[in-house]
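> Structural data only, the sequence is not supplied:
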């Protein structure tokens, strides 16, 4: 589609000359004053508006205000014979992307129009990505209709618009980070950053540096200043997962931030004031840790302003059909295979299973089943014995846990879990392909994206035949 440009200028020869210069590459419309431009802007969208500053009646600054107040915001360029710094600054403050002086240099004008169009395209792409993010993590998109989950969602809707600190409790794999992201997306901070830190994954010294940043020379190896996650989350939300794993010294610094809303970098002495909402999560009993002297009571009270508890999957079995349908559809689309049908007997068996790994385990089960069966149906007899409460030895060539085909890696007398079977199949594919990931993906009948994710899950396989 040809980009559209609106030229607003009270001088007839100027606007017609600009139209002639731009007509070959753009769909150009003309307006002799601000009121004419308003009428055009109200009735059709433009990609770029080029307006004079000094005109009879309303000035070009009013044209900027009008154009940038529309749902479809064009890029605006200002031109004037009275070029001065004050005018340029005012135009930029109103939202103009650049400033030209008369007589207009056509080559420079075309460069600025192209630059403005690229900037506008990028802006649209960012907005589209943000809309997808809002869709993915919106509270209404959380899957499930069980009473316990509904109670959590109702509470989320109440607290999301606030500035309150939130503590999310629940077993591993229940979706605590998803809840934190949904709260962020439903808050006034949704256009700000969402920064997640998994506290248990870092040592005490590394965690402090990661959270609060450090000054150059503050410790061995600190060769330059580092901005911490708190600073990176300014204007947004910081999610601290596994908060029960942090050391006493980090607890003190975290408490200080909650009291002062400021942090100090490691090795620094100047407080840095921040606007950060804190959401913490844990799979441990913090109250018991307080009684055991392993977690500061004053920090617990500061974190526990609003408390959410994510129920384990075994307590919301009525949500399992919805989750199965969602994950099966997701992985079927991702791997370009027909959707898997779960037969009623298999569904009843899966609903009765306690799912100790919660939603994370269910998600992995669905990916395994989709990848290995590649369409068709899944019956209760295709499921691993553990789902039926049985533990018999698997014969050679037995069906894999997700209901796929035989695996030559299974020896008589050994029963492997779904994850172990899949890992062995992946290892065989990598060995046969001599480490060529494209060939390995073809051998397994999966996408390279799925293969890369599995290798990341089992990094010990990443060295095969390299």
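That came through fine. All figures in this text were calculated on a predicted structure; none of them were measured in a lab.

> Would you mind measuring from the residue nearest to residue 146 when sequence neighbours are not counted to residue 226?
Excluding the flanking residues, the one nearest residue 146 by Cβ to Cβ, 6 or more residues apart in numbering is residue 316, at 3.8 Å. Where C-beta positions appear, they are placed from N, C-alpha and C, glycine not excepted. Distance of residue 316 to residue 226, given as Cβ to Cβ, to the nearest Å: 42 Å.

> Domain ranges for the chain, per the record?
4-132, 138-311, 314-463 (automatic domain parsing).

> May I see those organised as TSV, with mean pLDDT added?
What follows is those, written out as TSV (pLDDT from 0 to 100):
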stretch	mean pLDDT
domain 4-132	84
domain 138-311	90
domain 314-463	76
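
> for the residue nearest to residue 92 when sequence neighbours are not counted, which residues make a bridge with it?
Distance criterion Cβ to Cβ, 6+ apart; nearest residue to residue 92, sequence neighbours excluded, is residue 99 at 7.2 Å. Beta-bridge partners for residue 99, by DSSP bridges, are residue 78.

> Just put the domains of the chain in TSV and tack on mean neighbour count.
Output for the domains of the chain, formatted as TSV (neighbours: other Cβ atoms under 10 Å):
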stretch	mean neighbour count
domain 4-132	17
domain 138-311	17
domain 314-463	17
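
> circling back: roughly how far does the residue nearest to residue 92 sit from residue 90?
Using Cβ to Cβ, residue 99 is found at 10 Å from residue 90.

> Residue 13 now?
On the measure of Cβ to Cβ, residue 13 and residue 90 end up 27 Å apart.

> Next: residue 346.
Separation of residue 346 from residue 90 (Cβ to Cβ): 68 Å.

> again, but for residue 362
For residue 362, the distance to residue 90 equals 58 Å [Cβ to Cβ].

> from the middle of its chain, how far away would stretch 238-258 be?
Computed by Cα atoms, centre = their mean, to the nearest Å, the chain-centroid distance of stretch 238-258 equals 23 Å.

> Let me see the contact set for the closest residue to residue 192 other than its chain neighbours.
Leaving aside its chain neighbours, residue 192 sits nearest to residue 236 (3.1 Å; criterion: Cβ to Cβ, 6+ apart). Listed by Cβ atoms under 8 Å, 6 or more residues apart in numbering, the contact set of residue 236 reads 184, 189, 192-195, 276-277.

> The stretch 51-200 of the chain: strands as residue ranges?
Using DSSP state E, counting those that start in this stretch, the strands found in the stretch 51-200 of the chain span residues 75-80, 98-101, 166-169, 194-198.

> how about the ones you listed in a markdown table, adding distance to residue 323?
Output for these, formatted as a markdown table (distance: least, Cβ to Cβ, whole Å):
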| stretch | distance to residue 323 |
| --- | --- |
| strand 75-80 | 44 |
| strand 98-101 | 51 |
| strand 166-169 | 19 |
| strand 194-198 | 22 |
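
> for those strands, which one sits closest to residue 46?
Among the strands of the stretch 51-200 of the chain, strand 75-80 comes nearest to residue 46, with 9.1 Å by Cβ to Cβ.

> Against residue 281, how distant is residue 193?
Distance from residue 193 to residue 281, counting by Cβ to Cβ: 18 Å.

> ditto for residue 41
In terms of Cβ to Cβ, residue 41 sits 48 Å off from residue 281.

> Same question for residue 306.
Counting by Cβ to Cβ - residue 306 and residue 281 are separated by 13 Å.

> what's the overlap in contacts for these two?
Contact criterion Cβ under 8 Å, 6+ apart; residues shared by residue 306 and residue 281: residue 167.

> circling back to that earlier point, go through the contacts of residue 236 and say which is closest to residue 320.
Among those, residue 184 lies closest to residue 320 (Cβ to Cβ), at 26.9 Å.
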